[in-house]
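Novice: Requesting a structural model of the entry that follows:
(chains A and B)
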Amino acid sequence: MKADMITKPKSDDSAVAAIMKSVRGNIRQYTMIIALVVIWLIFQILTGNFLTARNLTNLLTQSSVVGIAACGIVLVMVAGHIDLSIGSFVGLTGAIAANMLVKQNLNVWLALAITLLCGLALGCWQGFWIAYRQVPAFIVTLAGMLMFRGGVIGVTGSLSLSPNNEIFRAIGQNYLPNIIPDAGMNITALLIGAICLVIYWIMTFRSRAARISYGFQTLSFPIFMVKTLVISGVIVGISFVLASFRGVPYLALILGLTVIAFTIISTKTAFGRHVYAIGGNKDAAVLSGINIKKTNFTIFVLMGLVTTIAGICYASRLNAAAISGGQSMEMDVIASAIIGGTSTLGGEGTIIGAIIGALVMASLDNGMSLYGLGSFEQYLVKGTVLLLAVWVDIATRKKG
Amino acid sequence: MADYILEMKGITKEFPGVRALDDVTFQVERGEIHALVGENGAGKSTLMKVLSGIYQYGTYDGDIVFNGEIQKFNTIKDSEHKGIAIIYQELALVKQMTIAENIYLGSEITNRGLLNEAESYKRTQKVLQEVHLDLSPTTKVINLGVGMQQLVEIAKAISKQADLLILDEPSAALTETETDNLLEILRELKNKGVTCIYISHKLGEVFNIADSVTVLRDGKTITTKKIDDINEEQLISYMVGRELTQLFPRKPHKAGETVMSVRNWTVYNPELPDKKLIDNVSFDLKKGEILGVAGLMGAGRTELVMSMFGAYGVGISGEMILEGKKITIRNPENAIDAGIAYVSEDRKRYGLVLRQDIRFNTALASFKRFKKRGFLNDNEIIKQTERYVKELRTKTPSVEQLTKNLSGGNQQKVVLAKWLVTNPKVMIMDEPTRGIDVGAKVEIYNIMNQLIDQGVCIIMISSELPEILGMSDRILVMHQGRLTGEIDWQGATQEKVMYYATGGTKGNEG
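Specialist: Numbers count the residues shown, from 1 in each chain, chains lettered A, B, ... in the order given. Just a heads-up that it's a prediction; the model follows:
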């Protein structure tokens, strides 16, 4: 009884303080989210029409292709590798899909299946040289960058191929159909939002209950609720924004599924943890019985898979495959991962961080275009942001 | 009054939340070898960083008086300039460069803007003679053993005409002969008037070489004594603040049936495939025993156990029999599956992912065992981690603490936890207490005894003779890749082990 009386009021009083402490303690994780919000507000003030449902939907589709590829590069970079071939890879797989549709006149599903198989094969090719022949990834993927670009030219025959296939175009340009077509809002988007919300709530509460049943430390209940409500708010917000425009773009759906899959792979599988171990300390990983070769090979096969998905999305969005397709996209993808906190030395990085990084990059592109700035300023600003993001990271790390 | 070359007065250094040094007074007489001892975390390294200018003037309280003047060092260059040279545990040589280039790194001898190589070779040769290194100045450092590299560092300090030489755990990676050689060189330097601060965990060396000794504990100066006025037990009790009744908690073990047999084990060097590193080694490991493996550096002890673990060597022949079954081990994964664990000699390099937390590192060797419907069971990982944090008494605020923030002893406990999770039958421990303070050492020994009680067998490699003699039930001695002796603990003496380790063979002892 006595203990109860002493501790209870104290925990209530300190709830706000505890939240503040938690925010301060994880300030680095929140830095990029804060930066993203600041960028959005600045562009809203400058242009007046940045934060509209239409533009935010555009922003999401614009960042999707880079975001999908970024899921793969996080694993690659966490393991201490790099992939310079992304741009050519995206171009090549997009060209293969277009070729299958335009020149071979294949059924769209067959064309997509063949493209995915080709992409996996290319991933295996790079993975083989990196993992089993121990050629540094920098070299293998630099070679890939050149070879795949050659491949693009060969597959397209130096022409721009426009598939004009309904289903193929829909991937990059259309939205999930509205289940109640004449409603004022897109009900599908709201429904998906609601499903996500329910799944999210079930998962967080179950995991909290499990931790409590094991007797582990958990966040205090008020902090837990604030965190849950904030994330719920983001989910609700996104679904309302999408619902008030044209609904959920297929691209966003693909991005979302890729993010979920890769978050699970990186945090909830032995393979994922092995990737972090290899990047954190390769010698210790070897002596802990981790199969480095197999893990590295798998990383590049997965990278091949997401790059192929990105390639299909890219070609579909433009409804074209040209010889310059995807050129220098690797820079955007790598920059997204780095801005999102992935260490260039390996061992650290998160999928969700890279997605936030991709959103930051896309927001800069989109906002500056809306404001009427050209490529000159866009490149300057993006380069500066990359530099500052890494500098801030290094500077805050030293203090902590 | 004594002539002090160095007086550090009332040094207080604080880090956020910790007072690392608390009003420390440290006085060194000119021309003496002064040992600085204390458990890990006592403040020795912090004190030396204050002295060398790594923590610049103004970030600490108190005064450094060197050669009669109050010093205000802002960088390590400032202290070097005044004649203080510090040689770190982790050697700071550029491995791809030659000895001469390393010695004059940062103070190259030039002639109208171009390097004067002839002169630097000549001077390098001279300082190499002072440290008894018969090497060409053009030898690349990468080709030298750790012991020789250390001597190159000392030569570098001599070349800078340092008055005060600070050695931080110089013998940690040295063999007994190399250590003797080092101590001899320090004595010669002392005769030439160089003062030396010698930081070491090895009290034998301290008594061997030091003129006086200062003990730090928890950031405070405990005492400074002339070495003749103190004995080893007193010194240890100053360090730990309590009487250590028994440094080696030997427990009588009853050796049971043979668990593992190694027969005619031969291993070749992966870099020089013609060179035999392990030559026809055979031995048995019995249930409930600690099998000590002694030998000098380069005898092949680590190579032997790492090749058994599937992590080293080419052209391996011979066989391993575990619990009556012949096993084939191609890589560490096979070894772990068979029930063999290997605690390496360098936990930071080979044992832990330092940027990850205790939880991650505890599961490091067994993520595959924590699967539930294909996915990792995080709660089970936390449960096991918390179990071993409790059982091994790892000092940490939470299992989510990054391992880089733990002390050496606690890091070693995490490594042990990592292997215990794999449920090993045979635990190979390579230098299990290297770089760990006295208190934590005893804890590691107690854990080893508990493992034996639980039926795990232990192979322990150690370069510290007292440890080998104090903990092993049976001692194998290696020399140049061969087993030269086997001694039961009751009959073991330092002399006997050294006899076999230097190449004596069974039968003609004497």
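
Novice: what about the one helix or strand residue B:413 maps to and chain A, touching?
Specialist: Using DSSP states H and E, residue B:413 sits in helix B:408-421. Yes. Using Cβ under 8 Å from any Cβ of the partner chain, helix B:408-421 reaches chain A at residue B:418. Backbone N, C-alpha and C define where each C-beta goes, glycine included.

Novice: Output that helix as CSV, nothing but the C-alphas.
Specialist: Output in CSV follows, covering the C-alpha atoms of helix B:408-421 (Å, rounded to 0.1, in the frame of the first residue of the first chain):
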residue,chain,number,x,y,z
GLY,B,408,36.7,-5.5,-21.1
GLY,B,409,35.5,-7.9,-18.5
ASN,B,410,31.8,-7.4,-19.3
GLN,B,411,32.5,-7.6,-23.0
GLN,B,412,34.1,-11.0,-22.4
LYS,B,413,31.0,-12.1,-20.5
VAL,B,414,28.9,-11.2,-23.5
VAL,B,415,31.2,-13.3,-25.7
LEU,B,416,30.8,-16.2,-23.3
ALA,B,417,27.0,-15.7,-23.3
LYS,B,418,27.1,-15.8,-27.1
TRP,B,419,28.8,-19.2,-27.0
LEU,B,420,26.7,-20.6,-24.1
VAL,B,421,23.6,-20.0,-26.1
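
Novice: Against which helices or strands is that helix packed?
Specialist: In this structure, helix B:408-421 packs against strand B:340-343, helix B:358-363, helix B:378-391, helix B:438-453, with contacts taken as 3 or more Cβ pairs under 8 Å, 6 or more residues apart in numbering or on different chains; DSSP states H and E.

Novice: how many neighbours does the residue lying closest to residue B:360 once chain neighbours are set aside have?
Specialist: Closest residue to residue B:360 apart from its sequence neighbours, by Cβ to Cβ, 6 or more residues apart in numbering or on different chains: residue B:353 at 6.5 Å. Per other Cβ atoms under 10 Å in any protein chain shown, the neighbour tally for residue B:353 reads 24.

Novice: Over to residue B:353. Which of the three states is it?
Specialist: On the three-state scheme (DSSP: H, G, I helix; E, B strand; the rest coil), residue B:353 is labelled coil.

Novice: contacting residues around it?
Specialist: Taking Cβ atoms under 8 Å, 6 or more residues apart in numbering or on different chains as the criterion, residue B:353 is in contact with A:276-277, A:280-281, A:284-285, A:347, B:360-361, B:364, B:403.

Novice: how about a cut-off of 7 Å?
Specialist: A:277, A:280-281, A:284, B:360-361, B:364 (Cβ atoms under 7 Å, 6 or more residues apart in numbering or on different chains).

Novice: Looking at these, state which has the most neighbours.
Specialist: residue B:364 (31 neighbours).

Novice: ok, now how distant is that residue from residue B:42?
Specialist: The gap separating residue B:364 from residue B:42 is 30 Å, by Cβ to Cβ, to the nearest Å.

Novice: can you check residue B:199 too?
Specialist: Applying Cβ to Cβ to residue B:199 and residue B:42 gives a distance of 10 Å.

Novice: Residues of the stretch 301-400 of chain A that sit close to chain B?
Specialist: Residues of the stretch 301-400 of chain A lying close to chain B (Cβ under 7 Å from any Cβ of the partner chain) are A:347-348.

Novice: Would you map the helices across the stretch 301-400 of chain A?
Specialist: A:329-339, A:351-371, A:375-399 (DSSP state H, counting those that start in this stretch).

Novice: Could you do the stretch 101-250 of chain A as well?
Specialist: With DSSP H, counting those that start in this stretch applied, the stretch 101-250 of chain A shows helices at A:108-127, A:137-156, A:166-173, A:187-214, A:221-244, A:250-268, listed in chain order.

Novice: Run the chain-centre distance for stretch A:253-261.
Specialist: 8 Å (Cα atoms, centre = their mean, to the nearest Å).

Novice: Run through who's touching it.
Specialist: By Cβ under 7 Å, 6+ apart, stretch A:253-261 touches A:64, A:67-68, A:71, A:176, A:306, A:309, A:313, A:351-352, A:355.

Novice: cool, stretch B:79-96 as well?
Specialist: Against stretch B:79-96 from outside (Cβ under 7 Å, 6+ apart): B:48, B:51-53, B:66, B:71, B:73, B:102, B:105, B:140-142, B:149-150, B:152-154, B:157, B:160-170, B:172.
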